[in-house]
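Novice: Provided below are the primary sequence and the corresponding predicted coordinates.
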Amino acid sequence: MKICTSNVVSVIKQVMRTGNIISMFLLLGVQLLQGAVSRGQYPVEKIDLAIQRRSLKEAFTIIEQQSGVLFIYNEQAIAPYKTVSLNARQRSLDWVVNELLRNTRLTYKVQNNKVIILEKEVKEATVKVAVAADPADKRKGRVTDAKGAPLPGVTVQVKGANRGAVTDGEGVFFLQAAESEVLVCSISGYVTQEIPAGSGEISVVLQEDIKGLEEVVVVGYGTQKKREVTGAIVSVQGKELSAQPVTNPIQGLKGKVAGLDVFTSGNEPGGSANILIRGERSMNGGNAPLLVLDGIPVMDASFNEINPNDIASIEVLKDAASSAIYGSRGANGVILITTKRGQAGRSVINYDAYYGITSITKKLDLMDGQQFAKLRREAARGAAADGNGPIPPDDQLFDAIALESLAKGRSTDWQDLVYHQGSRQNHQLSITGGKEKTQFAVSLNYFRETGIIDKTNYTRGSIRINLDHQVNDRIRMGVSTFVTRSEQNVADNTVFDDILRTNPLGVPYDSAGNMLFRPNNDEGQRVNPLMVIKNTIDERYKTRVFASVYGEWDILKDLTYRLNVGPELEVAREGIFEGSLTDVNQGGNATASTTNQDRFSITVENILRYKHRINKDHNLGVTLLQSSQQQITNSSGISANKLPYEAQGYHNLGSAGEVTGVSSDYSKSLLLSYMARVNYDYKNRYLLTLTARADGSSVFAPGHKWGYFPSAAAAWRIDAEPFMQSLRNISALKLRISYGSNGNNPVNPYGTFSLLTKGVYAFGETGANGFVPYSIANPNLQWETTRELNMGIDFGLFNDRISGSIEHYISNTKNILLTRSIPSSTGYTNIVENIGATRNNGWEISLSTINVSTKSGFQWKTDFSFSANQNKIVQLYGDGKNDLGNSWIIGQPINIFYYYKKIGIWQTSEATEAAALGFKPGMIKIADVNNDKTLNDQDRVVIGNQRPAWLGGVTSHFIYRGLDLSVVVNTRQHYLIYSQWYDNNNRLAGRYNNLDVDYWTPENPTNDNPQPNKNQESVYLGQTLAMKDASFVRVKNIGLSYTLPQVWLQRSGIRSLKINLSAENPFTFTHYKGQDPEFESDGTRAMYPTVKMYAVGLNAAF
Amino acid sequence: MQRYKLFTFLFFVCSWLGISSCSLEEKNLYKPVPEAIYSDAAGINNGVTGVYSQLRGLYGSQKGFTLTTMGTDIFQHGKDGGYKFMDDYSTALNASAGYLYDLWTNCYAGINAANTILDRIDAITMDDALRNRYKAEVRFLRAHYYYWLTLQFGDVVYTDHETKGVVTNLGRTPKADIWKKMQEDTQFAVDNLDWTTQEYGRITRGAALHQLAVTDLLLKDYAGAATAAEKVINEGPYQLLPAYASVFDYNNQKNAEVLFAVQYINNALFNGDGNQGNAFFTPAYDQFGLLRDVNQGGRPYTRFRPTPFFRNLFDKNDSRFDVTFRIYWFYNNPANLPAGKKLGDTVVWQISPGVTSTIAPNTDNMHWGIKKHDDPTRASPQDLNGFRDYFVYRLSDTYLIAAEALMLDGKPEEGVAYLNKVRSRAAKPGTIMPMLSAAQLNMDAVLDERARELGGEEGRWMDLVRTGKLIDRVKLYNPNAANIKPFHALRPIPQSQRDLSTVPFPQNDGY
């Protein structure tokens, strides 16, 4: 293993000798990753401050803007201090705050990265009151934050009365209040809450007001305050993700981020998801965004091993200017995941759990026994030349079992036999805490899903440890680690085929109750799906270790060096066993195979960050980075036949009678990068970000290895302009514009070489190894580049009752790396090339509104996201010609269906016309597009786009006191899928069971489906029946949670307790009649169906 | 002090990181690249083997059988399978048919592999005799792939150099021109190969002469064809086996009658997808209470069923009937034994109400099988991947080619003698087959004899096309193929080839 930092290291050594720190700054890459790692710590920055005769409140505002620290205070308490002055140069925040409060009656404490201003006398006074209080007169109450920490300084006012109190250091207040009166609790930084006084001790939990623009956003190699962000970045907080009972965090993002399309790529327990940000740019399948975990780009964009409960936030970098800092791999957007870190203070133990029952969302409408029998008779009739042959007697069409079923009216519903309820459960125990210098976050997680068919499940156990340590004034270090082990048992896809296609007149068990291998005898290849389940094993184990270490060193006051070292190891193993009595082996020999793969990646990043305020109006930040990432993959596998005994599964392949395959593979790739970023703002109103990145990738041939990706972004904070200060209804307004370029290299290692593949043969009794040409060399492969213009506006109106952003972008991708089919007369079928150009343009709208907020404490909030992306091919080979062989048409999207258009079924009255074209009544009728009275390849047209025209989501919260009802709805609209379910299960040959469709017969002149014909393996032009519009609206999640009043828990030792009920995928609205519009197959026939879940859960903090 | 400690710390960390230098070169290339493989004699040998390996996609595969068996005069479709349109010649037989693309791709992969060897072999330091032998084998194979392409598709792309870069501008070369090239290639093989080889399965002079005769027939060089075929018969180390049955004896696969056989081997690592011929002709006998059985046809694919014409084509003394057809089945399922029968008894079939027979009926649901591809050594009837060698050229075929060539060359007496030799060998022991007279020798007689001798082996469809008899005979003898039209003598060019070509690539007429 080589770690490639030599260039940098030699410079460092030299610098060490000369002590010339500045030259090191110039040559090293880098930046302070403050937010990603030190979020939640006491701010370490030194500040400059010059305040002349301002109010204390204004002074706090100025410090807030400069330091990012939030001040929390009671307005009344600080109101008297109208003129303060202070001159500070490079003073710590401590010093500044102390100075400001020197001659006041105020003091402060630091909590959760916030400075809370308290009245010195408050505590004394309330205690006095408490002692003096008549218990019948004064009521005791306590205010805490969502995590259970007491909130001091909160104003508690009796509504409509001139009575009030302020909480003490323990969050306690005493107040005279009748049961029917309403208390208003307010403090800056938290959402004001009104609660009825009720009886007994009053317990109030205030929610942090995260709507404000002070939110900190992770931007890659650093953080920024949200108001300073110049690009299109969406941040989703961890608690929004963990509120839904999903397997992996990305599923929780569905419908929440405008421009992010998350669609399932498998429903089985442990199934994953596909992600697209702003549509497809590349045609080569490399459209998955880059995933960065705690600052380290990970090699496997699989989210399955990342536990949603561990996530502090997910940031989605959408525009080119934002993602350009990840240059080469930012073309498809970047997803940054930041995990939770510890905070100094009292240790908090959290236990989160849920348990849910899963079941199939929708059974397919298949034919029952009688319907199937009719189909088979019609198929025999339809096979005649004139489509109206004699229908043979049943005893020639059905075997004894089927005949008996027909006589008895017996029918087997294979779906009912195989599908049952499954379950999903998750348990997470976490402990966070720490002292001044060391903070920790440790979590243990156990997840298990049991599928809706036997022998399918997914179990995951993981341990996460995040540590941060302050070595001394200048040096910090920390680790982010997790270890995950998962086991997935999946069902063979033939199970689903057999469920759908096995004759419903067959029976699963014989009269003695023994499971039958073949449910009936008239179709030799169909196997009882229960038998396949029983005799098949497919186990997948995955161990993933991710351990990144960082060190940070404040070289100078403004200059910080950071080193990230992120090794990642993934070991995967799959074992497959197929017994004799399975669909695959059909009573023959048992077969088995194992494959092992280990992947190792190491990322080393040197980051240097410089931050300087030139005078009070000019802020400059510079980030320099040098990084390398190396990946090595090793794999091997063996498959065997003739297992001497089946009980071995795949664990004793040495005993097999025959080895049928042996494989091993190795690949290695390296990426070297240099990046520089400059952030500049003038008066906090005019913001500019400039980025440049150079990436060198080993996968390209010499001369094409390096790509350069610059970008620029500017923003104007209109709300900070003096002339805006009088417009009280506008709380935030920012215009953004960015233009940037980034690259993509979805080329496999060694992808530029011409390669040979094995072509084995034999001469006589001797096996012979051979090689045949396999791929064409393409040394000219180069970076695919995308240039994107993004315009955005962020706004907050009516005290943030309405807030959101609107984005518009145009991105041009050229030199697209794509797998291009070529005439196979070359001896090859395809090649990866840089070809052509595509354009994406689109709109994205995010809107958060507080629709209703009543004085009784009821609140209805809505988060709405909408995005529409248009993709089109601008250019292909420069000659203006389309490439029909690849279904690439200039002006059309990349993924379209280009095929014949079905316009109905040939009817009996049209027999002559049909015959002239080679058709007969009952067959699918396609459009003669060019009207030349013949049907040929010229009649193909664009049938539709495979990607939705728009997608959206709505998340609504209804909050009333401790109750929170949330509803997540997402939708994808106007797109076609190629339905494998229709393709495979609507063959209308009467051989296999069929979807219960309306088919043509001479007596039933429908235009939906053609006449059954037993001579067809699949329907002629049946593809036209499988291209279906799959637009849908899905209620993704309904959650109801109740936070128990604090008073109930006082003696239990539980700090807070929330119980919740949730429903996952409860309702779907669609015209598509297959199993599920969102996902049902990746092209491999039938697959595991979509499930819904009803779950109960709890969150407890101790 | 802190700063110095830190310096020290960083110094060590960075030194550790910097121990090795790095490079973006892809050095450790473990994949096989042409520059490495085609660099010495051993590598060239592997490359030549690669050219052979593409033959397996043609012989013993479902694609190969479907394209040559379905829709002929002697076979119609069985119950199952998706390519019945190749039998009834309906609209669905069009440019989208997958097997046509597969065949096209398969042949050109073989051709490109051959071209790559031929372009590079002269630069390799190796024994000249070996070099010439390899060149001869590879040129034979290249011509063989073109034989398939030109017979199936007519005018096709011709290329005799390694493909470098993306080539989309090749149009159709007239098939007669390609046949000339095939003749040159095959002649080179004749001139540079021995009659025998130390590695069984390699091309020999005999195979090359046979292919030359066929190519000459295509070029209407009947004298040349006759000469080549007679050279095999008279000069080669081959002889007709005394009994037709022993040609197909599983334990006698390397016999004196075989000129060229595609090799399969009982070793899964070198057997690829195997010879699957055992399955495709097998009817669904297991749906009549019998167990699947490697000795009774194995796995029932029910793809092809003999036409009534083919069943009735045999003289009663013709031993080839019994060797070719499986008409009897035997009870093998204790659970389903009819009253009064025991295991091993011949199955009695219900032909129609009240009529029974021990000879299997011949309907789509249950029909006669073909025994020539039986592979009883497979461990299970479900294993498609058989080990049986696939005979491409046999001496009796050469006799019939000779007969055809001489007949066309105006020498029916000499021709009929060869044909009659094949007939007389076919007679059951102790019986005599009626012989043909020179006057009776015509193309139909040749094709009838080829059906009897070679029926159920691949090549029938292309024989019919080569002799121009496809339309007449299929219309006459295949009850499913009433729709066949003259244009069906060529297959449609695969749609993707036309779509992906940047020059006009006209479709064959009629499609």
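Specialist: Cool, got the structure.
Novice: Check which residues of stretch A:261-275 are buried.
Specialist: A:261-262, A:264, A:266-275 (16 or more other Cβ atoms under 10 Å in any protein chain shown). In short, each C-beta sits where N, CA and C put it, glycine included.
Novice: CA atoms only for that stretch, dumped as PDB, please.
Specialist: C-alpha atoms of stretch A:261-275 as PDB (Å, rounded to 0.1, in the frame of the first residue of the first chain):
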ATOM      1  CA  ASP A 261     -34.500  11.700  -7.100                       C
ATOM      2  CA  VAL A 262     -34.200   8.700  -4.800                       C
ATOM      3  CA  PHE A 263     -35.700   5.500  -6.300                       C
ATOM      4  CA  THR A 264     -35.500   2.100  -5.000                       C
ATOM      5  CA  SER A 265     -33.200  -0.500  -6.600                       C
ATOM      6  CA  GLY A 266     -34.400  -3.400  -4.600                       C
ATOM      7  CA  ASN A 267     -37.100  -4.200  -2.100                       C
ATOM      8  CA  GLU A 268     -35.700  -7.200  -0.400                       C
ATOM      9  CA  PRO A 269     -34.500  -6.800   3.200                       C
ATOM     10  CA  GLY A 270     -31.300  -4.800   2.900                       C
ATOM     11  CA  GLY A 271     -32.200  -3.500  -0.600                       C
ATOM     12  CA  SER A 272     -30.600  -0.400  -1.700                       C
ATOM     13  CA  ALA A 273     -31.600   2.800  -3.600                       C
ATOM     14  CA  ASN A 274     -30.500   4.700  -6.600                       C
ATOM     15  CA  ILE A 275     -29.900   8.400  -6.400                       C
END
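Novice: Could you give the average pLDDT over that stretch?
Specialist: On average, the pLDDT along stretch A:261-275 is 74.
Novice: Return the subset of the buried residues of stretch A:261-275 lying in strands.
Specialist: Counting by DSSP state E, those place A:261-262, A:264, A:273-275 in strands.
Novice: follow-up on the earlier one: need the buried residues of stretch A:261-275 in a markdown table (columns: distance to B:Tyr158).
Specialist: Formatted as a markdown table, those follow (distance: Cβ to Cβ, whole Å):
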| residue | distance to B:Tyr158 |
| --- | --- |
| A:Asp261 | 47 |
| A:Val262 | 50 |
| A:Thr264 | 48 |
| A:Gly266 | 46 |
| A:Asn267 | 50 |
| A:Glu268 | 49 |
| A:Pro269 | 54 |
| A:Gly270 | 52 |
| A:Gly271 | 49 |
| A:Ser272 | 47 |
| A:Ala273 | 49 |
| A:Asn274 | 44 |
| A:Ile275 | 47 |
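Novice: Need the max-distance pair from those.
Specialist: Farthest-apart pair in the buried residues of stretch A:261-275 is A:Asp261 and A:Pro269; separation 23.3 Å (Cβ to Cβ).
Novice: rewinding a little: possible to save the buried residues of stretch A:261-275 as TSV with distance to chain B?
Specialist: Formatted as TSV, the buried residues of stretch A:261-275 follow (distance: Cβ to the nearest Cβ, whole Å):
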residue	distance to chain B
A:Asp261	30
A:Val262	33
A:Thr264	29
A:Gly266	27
A:Asn267	29
A:Glu268	27
A:Pro269	30
A:Gly270	31
A:Gly271	30
A:Ser272	28
A:Ala273	32
A:Asn274	27
A:Ile275	29
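Novice: Would you verify that B:Tyr83 is located in a strand?
Specialist: No: assigned with DSSP: H, G, I helix; E, B strand; the rest coil, B:Tyr83 falls outside any strand and is coil.
Novice: burial count for it?
Specialist: 21 (other Cβ atoms under 10 Å in any protein chain shown).
Novice: hang on, it packs against B:Thr68?
Specialist: No: counting by Cβ atoms under 8 Å, B:Tyr83 sits too far from B:Thr68 to count as a contact (11.9 Å).
Novice: Just give the nearest non-adjacent residue to the residue of chain B found nearest chain A, would you?
Specialist: Across chain B, no residue is closer to chain A than B:Asn112, which sits at 2.4 Å (Cβ to the nearest Cβ). Closest residue to B:Asn112 apart from its sequence neighbours, by Cβ to Cβ, 6 or more residues apart in numbering or on different chains: A:Gly827 at 2.4 Å.
Novice: Equivalent analysis for A:Asp964, please.
Specialist: A:Ser1041 (4.8 Å).
Novice: Just give the nearest non-adjacent residue to A:Val527, would you?
Specialist: A:Val527 sits nearest to A:Asp583 (Cβ to Cβ, 6+ apart), 4.5 Å away.
Novice: so that neighbour touches A:Val532, yeah?
Specialist: Yes: A:Asp583 lies in contact with A:Val532 (Cβ under 8 Å); the separation is 5.2 Å.
Novice: For these two, indicate the residue with more neighbours.
Specialist: A:Val532 (26 against 21).
Novice: what helix or strand is that one on?
Specialist: helix A:529-534 (DSSP states H and E).
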